[in-house]
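In: Sequence first, predicted coordinates after that:
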Amino acid sequence: MDRLAVEGGAPLFGKVRVSGAKNAALPLMAASILADGPLDLTNVPSLGDLKTMARLLTLMGGAVRASFRGDEGAGPEECLIDMRGLSVPEARHELVKTMRASALVLGPLLARHGRAVVSLPGGCAIGVRPIDMHLKALKEMGADFDISGGDIIARAPAGGLRGAAVNFPTVTVTGTENVMMAAALARGETVISNAAREPEVVDTGRALCAMGARIEGLGTGEIAVHGVPSLSGARYAVMSDRIEAGTLMAAVALAGGKVTLQGAPLASMAAVRDKFGEAGLYMSYEGDDLYLESPGGRLEAVNLVTMPHPGFPTDMQAQFMAAMCLASGVSIVTETIFENRFMHVAELRRLGADITLEGRSAVVKGVRHLSGAPLTASDLRASAGLLLAALAARGRSVVSRVYHLDRGYDRLDRKLNLLGARITREKE
Ligand code: UD1
């Protein structure tokens, strides 16, 4: 297991390219199950969760060929997936427990193969995270489920899944993707109400359309999918990662400096840009380059409430809170998506942050200095928040259990070091 030792206090300067989006690449890899030919994905980031998804598809009998670039900026990584040889429509517990997004194979397997065995995801650090809404929607499309030995045993009806009116009681990102993928090959029309509008859902829908699917309403709360008899392979470039771009933005806010993010998905990160702008981070744009400059003095404290897109993403909450720890004034950060997504608070306090929890809100009183400490990462975005706070802290911090970070970021420590950070990867 690796840990990261950080010497705080170095400002960041230079240019760095934003990688492809994890949360778009995951459903796109699952969508390969639907295709009658190979799916060729480009701009695929090199990170743990995608390797897990590749392994899952391989264990099913698919052929996955990935070429991950060795060096920064050496061009997009490519992943060629051919699922025509799929013979084992199963996602077993060993993989599902390390990555909840494994549930994304359920809809495609039911639509294309009529059956699936997918281990029920357990709890995770940030909350209970059930998939009941995925199952209810697929049931409305005619699927039938049994639970046995911790697995969901799923079957489609004899003539295949059929279109249905699916109304999600709350917005679910992977739930919307699962149903959209299943509906692409179902008989008739599926209308998804209260659909997720996240850019990664739109990207998944666009890729499905490139494969021959008929989908309307992407990016709105109502998505209509007209089922087609088959989907072909395609070549598709995954969108850039708005959360990685936002994380690097938070890094500049904390560590200080002047950085250009190349290939930032500007249109999809308005809420994050607005909040950092309000706090005093300077930004300008040229094409899809985003230039960032920290203010001379401290950031201003601003309040934040996480919301489904186009609101402020929960996946940026920990990183933003880290930035607020050193801001001038008091910031109230409210988490509305997950019930337990404040695991980073106790660790930020170890650096000297002044944070109190009041139900779903964290009250962050900005302090003038943080000082280095040993830190333990608890989940993916919390690890990013801790790493960024360590960049701004005086002295040395050590962030352990960084496998959480490696699951979801494409060599974040390396990118930060290219910009001048002093992070060393060590064995625990
Ligand atoms: C996705 C993202 C994750 C992000 C989250 C919210 C991927 C791979 N992951 O996760 O990074 O933090 O969206 O933007 O894209 N819920 C239920 N029942 C369900 C489904 C969800 O109760 O069947 C609840 C969840 O526990 C949570 C809320 O609904 O409280 C929203 O979760 P959801 O949008 O489904 O998150 P994920 O798709 O798992």
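Out: Noted; the coordinates are in hand.
In: Which positions in the chain make contact with the ligand?
Out: Neighbours of the ligand within the chain, by Cβ under 6 Å from any ligand atom: 23, 26, 100-101, 127-134, 170, 172-175, 200, 313-315, 337-338. C-beta: built from backbone N, CA, C; applies to glycine.
In: Just the buried residues out of the residues you listed, in PyMOL syntax.
Out: For the buried members of the residues of the chain next to the ligand, the matching PyMOL selection, counting by 16 or more other Cβ atoms under 10 Å, is:
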select buried, resi 23+26+100+101+129+131+133+134+172+173+174+175+200+313+314+315+337+338
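In: Pretty sure residue 41 sits against residue 66.
Out: No - counting by Cβ atoms under 8 Å, residue 41 does not reach residue 66; the two are 9.1 Å apart.
In: between these two, what contacts are shared?
Out: Common neighbours of residue 41 and residue 66, using Cβ atoms under 8 Å, 6 or more residues apart in numbering, are 78-80.
In: nearest to the ligand, of the residues you listed?
Out: Minimum distance to the ligand across the shared contacts of residue 41 and residue 66 is 16.2 Å, recorded for residue 79 (Cβ to the nearest ligand atom).
In: wait, is that closest one part of a strand?
Out: Yes - counting by DSSP: H, G, I helix; E, B strand; the rest coil, residue 79 falls inside a strand.
In: Next, count neighbours for it.
Out: Residue 79 has 27 neighbouring residues, counting by other Cβ atoms under 10 Å.
In: so who does it touch?
Out: 25, 29, 40-41, 44, 50, 54, 64-67.
In: If any of those are buried, give me the ChimeraX selection for them.
Out: Those of the contacts of residue 79 that count as buried under 16+ other Cβ under 10 Å are selected in ChimeraX with:
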select :25,29,40,41,44,50,54,64,66
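In: tell me which of the contacts of residue 79 is nearest to the ligand?
Out: Distance to the ligand, by Cβ to the nearest ligand atom, is smallest for residue 25 among the contacts of residue 79, at 9.4 Å.
In: Show me what the helix or strand where that closest one lies is packed against.
Out: Using DSSP states H and E, residue 25 falls within helix 22-31. The contact analysis (3 or more Cβ pairs under 8 Å, 6 or more residues apart in numbering; DSSP states H and E) places helix 22-31 against strand 39-42, helix 48-59, strand 78-82, helix 106-113, helix 173-184, helix 199-210.
In: Could you figure out how far the fifth one is turned away from helix 199-210?
Out: The directions of helix 173-184 and helix 199-210 differ by 10 degrees, with axes from the mean of the first three to the mean of the last three Cα atoms, to 10 degrees as the criterion.
In: now do the third one
Out: With the same axes, to 10 degrees as the basis, strand 78-82 and helix 199-210 are set at 50 degrees to each other.
In: got a list of contacts for the helix holding residue 25?
Out: With Cβ under 8 Å, 6+ apart as the contact definition, helix 22-31 has outside contacts at 39, 41, 44-45, 47, 49-50, 53-54, 57, 79, 81, 101, 104-105, 107-108, 173-174, 177, 181, 198-200, 203-204, 207-208, 211, 236, 238-239, 241, 243, 315, 408-409.
In: Save the contacts of residue 79 as JSON lines, and put in pLDDT too.
Out: Converted to JSON lines, those look like this (pLDDT from 0 to 100):
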{"residue": "25", "pLDDT": "97"}
{"residue": "29", "pLDDT": "97"}
{"residue": "40", "pLDDT": "97"}
{"residue": "41", "pLDDT": "97"}
{"residue": "44", "pLDDT": "95"}
{"residue": "50", "pLDDT": "93"}
{"residue": "54", "pLDDT": "94"}
{"residue": "64", "pLDDT": "95"}
{"residue": "65", "pLDDT": "93"}
{"residue": "66", "pLDDT": "85"}
{"residue": "67", "pLDDT": "75"}
